[in-house]
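# from the sequence below, what's the structure:
(chains A and B)
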Amino acid sequence: MSERIIAPRGTHDILPDETDRWQKLEDAIRAVTRAFAFREIRFPTFEHTELFLRGVGETTDVVQKEMYTFEDKGGRSITLRPEGTASVVRAFVEHALHAGALPLKVYYIAPNFRYEKPQAGRLREHHQFGVECFGPSLPSADAEVIALEDTLLKTLGLRDITLHLGSIGCPACRPAYLDALRAYFATRLDALCPTCRDRLARNPLRVLDCKNAACAEAARGAPVMLDALCGDCESHLHAVRGELGALSLPYVIDPTLVRGLDYYTRTVFEFTTDCIGAQSTVCGGGRYDNLVAQLGGPPTPALGFGSGLERLLLVMETQGVLPPPPAGCDLFLAVAGDGLTLLAAELLNGLRRLGLSAERDLMGRSLKAQMKAANRLGARAVLVLGDDERARGAGLLKDMATGETHPCALTPDGVREAFSLCSAAL
RNA sequence: GUGGGUAUAGCUCAGGUGGUUAGAGCACCAGAUUGUGGCUCUGGGGGCCGUCGGUUCAAGUCCGAUUAUCCACCCCA
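You can find the predicted model right below:
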């Protein structure tokens, strides 16, 4: 036997026993997005590297060390999508969707790729549900997007998930704040860990939520963005809070909330849980009012979020809200005897055309083994087709739940009629 | 990128201080009076003991490296 090839590090197969839970999650997503009037958008799995350099930000970890970038045969630099927003904004600009009716509200379910070290809840290929909303600058849009995710979580039956809310300001107030923050830490450089000294230059906000005790101590008394918001940002946040309050949607104000992608402005938020390990963020997003312009479109306020499907499934698993095992097929046609396969194929085909989920033995098993297989499949009913049945043109349909049998003709309609008498039939 | 744990059957795991043909449960397959599932019983197929190297008369067991995996940091969904 030759050497086996396994799936690449950080990727995973979703096997038949697991697809049911994925479908349940995707069904919930489609239901909720429909309720909120978001429409689906699909986009390529890879993009020009330039899109992420400009969109996500050259100084971010995602761009600096986590992208799957390669040159294609035409000499183009291509990158496997590390996140969805940049692609959606690119499509928005490329197809001039800003010329159409606004707001444009879209959602997607798509895989993302990041070269990370795998860990609980962290993969190199993970799937994300995301929404993006283009046009509105009103705080109501922020509340709507947050409420959408909240509704999804409730639809799934999940509990103990905390909404963190913050604001990172806008070009009018953030630069001054960052200067003040750098100035503050400049006098306390010795107290900071090496990582934070490094962070100070490219993302000083990160120093604020460093787990290092010394850094936390040094950060005590540091200026806070929320106190430095300009009037517009301040009132925007106030209005978002008002709407969340009206929706009875609990949240905690998190002054240290920082997002790792550069495009955010004003509202940022995360949904977190403490039941799936260290990677606790189940959804993260916010407003990005300057991104459309940065990518060559007309200035267009926008916002959105991404929500990790693998992590949502982890929460569903630990909280015991996964769907029950998938239902088996309606009917198993057991064949006993030689020379009956063509008749069986014909009957089975007829049953399937009637919309029944019907199965037969493809493994050459004995009748007894076929019964066991039918039982294992969860078949609701079994019809044995043998020489007797063929001679009489009729057989007995066995209800697998009760053990009772119902006489039936060996025709698709005859079998369906008998099937409707079975207790498990709906 | 940094650190720690783990690696034996398809799955979950046993295999004190090295010592014959490596085990269990579950799963799978086949039987238990010849054409009827679940429960029970019996039997069976299945393992380069992750890989490479070292120590030793002898390695699943000890040492090193490597790969994979899990967990944490970092970062993010």
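# any buried residues in stretch A:346-364, and which?
A:L347, A:L348, A:G350, A:L351, A:L356, A:A358, A:E359, A:R360, A:D361 (16 or more other CB atoms under 10 Å). For the C-beta atoms, the positions are set from N, CA and C on the backbone; glycine is no exception.
# any idea of the mean pLDDT for it?
Average pLDDT, stretch A:346-364: 95.
# that stretch: how far from the chain's middle?
35 Å (CA atoms, centre = their mean, to the nearest Å).
# mind listing residues that contact stretch A:139-156?
A:25, A:28-29, A:31-33, A:35-36, A:38, A:103, A:129, A:131, A:133, A:161, A:163, A:165, A:236-237, A:239-240, A:242-244, A:247, A:249, A:267, A:269, A:271, A:282-283, A:285, A:287, A:303-305, A:307, A:312, A:316, A:321 (CB atoms under 8 Å, 6 or more residues apart in numbering).
# equivalent analysis for stretch A:23-42, please.
A:88, A:91, A:105-110, A:129, A:131-133, A:144, A:147-148, A:151-152, A:155-156, A:309, A:312-313, A:316, A:322-323.
# just the buried subset of those residues, please.
A:88, A:91, A:105-110, A:129, A:131-133, A:144, A:147-148, A:151-152, A:156, A:309, A:312-313, A:316, A:322.
# returning to that earlier point: so which of the buried residues of stretch A:346-364 are in strands?
Here DSSP state E is the test, and the buried residues of stretch A:346-364 give A:A358, A:E359, A:R360 as lying in strands.
# any quick ChimeraX command for the buried ones out of the contacts of stretch A:139-156?
In ChimeraX, selecting the buried portion of those, with burial taken from 16+ other CB under 10 Å, looks like this:
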select /A:25,28,29,32,33,36,38,103,129,131,133,161,163,165,236,237,240,243,244,267,269,271,282,283,285,287,303,304,305,307,312,316
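# how far does the helix or strand bottoming out on mean pLDDT in chain A sit from the chain's center?
Every helix and strand in chain A was compared by mean pLDDT, DSSP states H and E; the lowest is helix A:194-202, with a mean of 73. The chain centre lies 32 Å from the centre of helix A:194-202; the measure is CA atoms, centre = their mean.
# got a list of what the closest residue to RNA strand B within the stretch 1-150 of chain A touches?
Relative to RNA strand B, the nearest point of the stretch 1-150 of chain A is A:A120 (2.8 Å; CB to the nearest atom of the strand). Residues counted as contacts of A:A120 (CB under 8 Å, 6+ apart) are A:I276, A:G277, A:A278, A:Q279, A:L314.
# what about the third one, neighbour count?
A:A278 has 9 neighbouring residues, counting by other CB atoms under 10 Å.
# which other helices and strands does the helix or strand where A:L342 lies contact?
Element membership for A:L342 (DSSP states H and E) is helix A:341-353. Judged by 3 or more CB pairs under 8 Å, 6 or more residues apart in numbering; DSSP states H and E, the packing partners of helix A:341-353 are strand A:331-336, strand A:358-360, strand A:381-386, helix A:412-419.
# taking helix A:412-419 as reference, get the angle to that helix.
70 degrees (axes from the mean of the first three to the mean of the last three CA atoms, to 10 degrees).
# which residues in the stretch 51-200 of chain A form strands?
Ranges of strands within the stretch 51-200 of chain A are A:68-71, A:77-80, A:104-113, A:125-134, A:162-167, based on DSSP state E, counting those that start in this stretch.
# next one: the stretch 251-400 of chain A
Under DSSP E, counting those that start in this stretch, the stretch 251-400 of chain A gives strands at A:252-253, A:265-272, A:281-287, A:302-308, A:331-336, A:358-360, A:381-386, A:394-399.
# so which of the ones in strands among the buried residues of stretch A:346-364 reach RNA strand B?
Taking CB under 7 Å from any atom of the strand, there is no overlap between these and the neighbourhood of RNA strand B.
# measure the residue of the stretch 1-150 of chain A closest to RNA strand B to A:I14 for me?
Using CB to CB, to the nearest Å, one obtains 17 Å as the distance from A:A120 to A:I14.
# what does A:F113 give?
In terms of CB to CB, A:F113 sits 16 Å off from A:I14.
# which one of the two has more residues nearby?
Ranked by neighbour count (other CB under 10 Å), A:F113 and A:I14 place A:F113 first, with 21 against 12.
# ok so, going back, widest-spaced pair of the buried residues of stretch A:346-364?
A:G350 and A:D361 (17.7 Å; CB to CB).
# so for A:A219, which of the helices and strands packed on helix A:341-353 sits nearest?
Judging the helices and strands packed on helix A:341-353 by CB to CB, what sits closest to A:A219 is strand A:358-360, at 63.0 Å.
# residue contacts, the nearest residue in space to A:L356 that is not next to it in sequence?
Leaving aside its chain neighbours, A:L356 sits nearest to A:D330 (4.6 Å; criterion: CB to CB, 6 or more residues apart in numbering). A:D330 is in contact with A:L356, A:S357, A:A358, A:A379, A:R380, A:A381, A:F419, A:A425, counting by CB under 8 Å, 6+ apart.
# the first one: what's it in contact with?
Pointing back at A:L356 there. Contacts of A:L356 (CB under 8 Å, 6+ apart): A:D330, A:L331, A:R416, A:F419.
# can you tell me which of these is nearest A:L385?
A:L331 (11.6 Å).
# check the gap between the closest one and RNA strand B for me.
In this view, A:L331 and RNA strand B are 13 Å apart by CB to the nearest atom of the strand, to the nearest Å.
# just the C-alpha atoms of stretch A:127-142, please, in CSV.
The C-alpha trace of stretch A:127-142 is given here as CSV (Å, rounded to 0.1, in the frame of the first residue of the first chain):
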residue,chain,number,x,y,z
HIS,A,127,-16.0,29.1,7.1
GLN,A,128,-17.6,32.4,7.8
PHE,A,129,-21.1,33.8,7.6
GLY,A,130,-20.9,37.6,7.0
VAL,A,131,-23.1,40.5,6.2
GLU,A,132,-22.3,43.8,4.7
CYS,A,133,-24.5,46.9,4.4
PHE,A,134,-23.6,49.8,2.1
GLY,A,135,-25.1,53.3,2.2
PRO,A,136,-26.4,54.1,5.7
SER,A,137,-24.6,56.3,8.0
LEU,A,138,-27.5,56.2,10.5
PRO,A,139,-26.8,54.4,13.8
SER,A,140,-29.9,52.4,13.2
ALA,A,141,-28.0,50.3,10.6
ASP,A,142,-25.4,49.5,13.3
